[in-house]
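**Student:** Sequence and predicted structure are below.
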Amino acid sequence: MNKKVLLTGISGYIGNHCAVELLKNGYSVRGSVRSLSKKEKVIEAISKEIDPKDNLEFCELDLLKDKGWDKAMEGCEFVLHVASPFVMIEPKDENEYIKPAVDGTLRALKAAKKSGIKRVVLTSSMVSMLEDADKSINIDHNSWSNEKAKNISAYAKSKTLAERSAWDFIKNQNEENPLELSVVNPGPVFGPTLSGNLEGASMSMFKNMLIGKMPMVPKSSINMSDVRDVAKIHVLALENKNANGKRFIVTTEKPYAFQDLAQILKSNGYDKVSTKLAPNFLLKFIGNFDREARSMRAFIGKTYNGDVSSTMKIFNWKPISFEKTVLDTAKSIKGLI
């Protein structure tokens, strides 16, 4: 009998890959979607990599409603909580992000605790590790974003507050059948899309670069992530005894500039890609009235260098090379545009 995992947000970019990785590793998957009408599309996406056979089922869950959470946990040993609101454009009201992120995380943890789940692996982000987001810094698993800092975007604030609320829940839980928690913190996530949906932040940026709709790239460097690595560590963290109670940066070993990404594409025949750098002042100025540019503010002109060494050591893992990530992403998008 396969161990069953509840995977929230299975229809998303990372969720699709987590489902594939779980199935490849012999787990059975109960995937949550906001509407069961998405079921067929999810099966189609996952089937590009593996035949789910009888090891995939679905349930309907909403991050903002209690309905269905207890039932969704029945028969599961673990939870991968990947579902989170993400819109590329900075919202007018930051609570559009923050409330579903925090409430959804606590809803998942409370239901998991009540149902006797062994461990939850939560998807967070490196944006919860940026300190004041006002200068270039080195980041490790002890770094936290200051959610009161003026440069912090609503998305970064939502990720920081959701992750903090998860650790607080774990710390304050009663000691009977303690629920374990591991957290995965990726950087900007690239890699092949299984669903063909290019609406997420990294995919839509990548598409715009390929079709020449991005005349300049921001001057900014950060460790980048491959969606396949992110999924792999989510799944390895489920049962690794050394993963309990830890945060894991899952990225390249060093930071890359968006200009590096553009250069790799240009050198491999993607002629419409611009490698020209946008002046910092211009992006900051545009951010005053463009909500998409505003969400990039914390990154402009800075280098964030994440330390991935403990993740590599605990999981005996080596990140996919950045060039492979970039070219596999381009190949996957090329057929869709």
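**Tutor:** Everything's here; your move.

**Student:** which regions of this structure lie under the pLDDT threshold?
**Tutor:** The chain contains residues with pLDDT under 70 at 85-91, 281-297.

**Student:** What ranges does it have for its helices?
**Tutor:** 13-24, 39-47, 69-73, 95-115, 154-172, 201-210, 227-236, 258-267, 280-286, 291-294, 309-315, 322-334 (DSSP state H).

**Student:** Just the C-alpha atoms of the fifth one, please, in PDB.
**Tutor:** Just to be clear, that refers to helix 154-172. Extracted C-alpha coordinates of helix 154-172, given in PDB (Å, rounded to 0.1, in the frame of the first residue of the first chain):
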ATOM      1  CA  ALA A 154       3.000  42.500  -0.800                       C
ATOM      2  CA  TYR A 155       4.000  39.000  -2.200                       C
ATOM      3  CA  ALA A 156       7.200  39.000   0.000                       C
ATOM      4  CA  LYS A 157       5.200  40.100   3.000                       C
ATOM      5  CA  SER A 158       2.600  37.400   2.400                       C
ATOM      6  CA  LYS A 159       5.300  34.700   2.100                       C
ATOM      7  CA  THR A 160       7.100  36.000   5.200                       C
ATOM      8  CA  LEU A 161       4.000  36.200   7.400                       C
ATOM      9  CA  ALA A 162       2.700  32.800   6.200                       C
ATOM     10  CA  GLU A 163       6.000  31.100   7.000                       C
ATOM     11  CA  ARG A 164       6.300  32.800  10.400                       C
ATOM     12  CA  SER A 165       2.800  31.800  11.300                       C
ATOM     13  CA  ALA A 166       3.600  28.200  10.400                       C
ATOM     14  CA  TRP A 167       6.700  28.100  12.600                       C
ATOM     15  CA  ASP A 168       4.700  29.800  15.400                       C
ATOM     16  CA  PHE A 169       2.000  27.100  15.100                       C
ATOM     17  CA  ILE A 170       4.600  24.300  15.400                       C
ATOM     18  CA  LYS A 171       6.300  25.900  18.400                       C
ATOM     19  CA  ASN A 172       3.000  26.500  20.200                       C
END
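
**Student:** Quick check: which of the helices of the chain is buried the most?
**Tutor:** helix 13-24 (a mean of 26; mean count of other Cβ atoms under 10 Å). The way it works is simple: take the backbone N, C-alpha and C, and place the C-beta from them, glycine included.

**Student:** can I assume residue 274 is in contact with residue 216?
**Tutor:** Yes - if you go by Cβ atoms under 8 Å, residue 274 and residue 216 touch, sitting 6.2 Å apart.

**Student:** Of the helices of the chain, which is nearest residue 303?
**Tutor:** helix 258-267 (11.6 Å; Cβ to Cβ).

**Student:** Can you tell me how far the residue of the chain most remote from its centre is from residue 116?
**Tutor:** Within the chain, the residue lying farthest from the chain centre (Cα atoms, centre = their mean) is residue 176, at 30.9 Å. As judged by Cβ to Cβ, to the nearest Å, residue 176 and residue 116 stand 10 Å apart.

**Student:** Check residue 142 too.
**Tutor:** Residue 142 is 31 Å from residue 116, by Cβ to Cβ.

**Student:** This completes my enquiry, with thanks.
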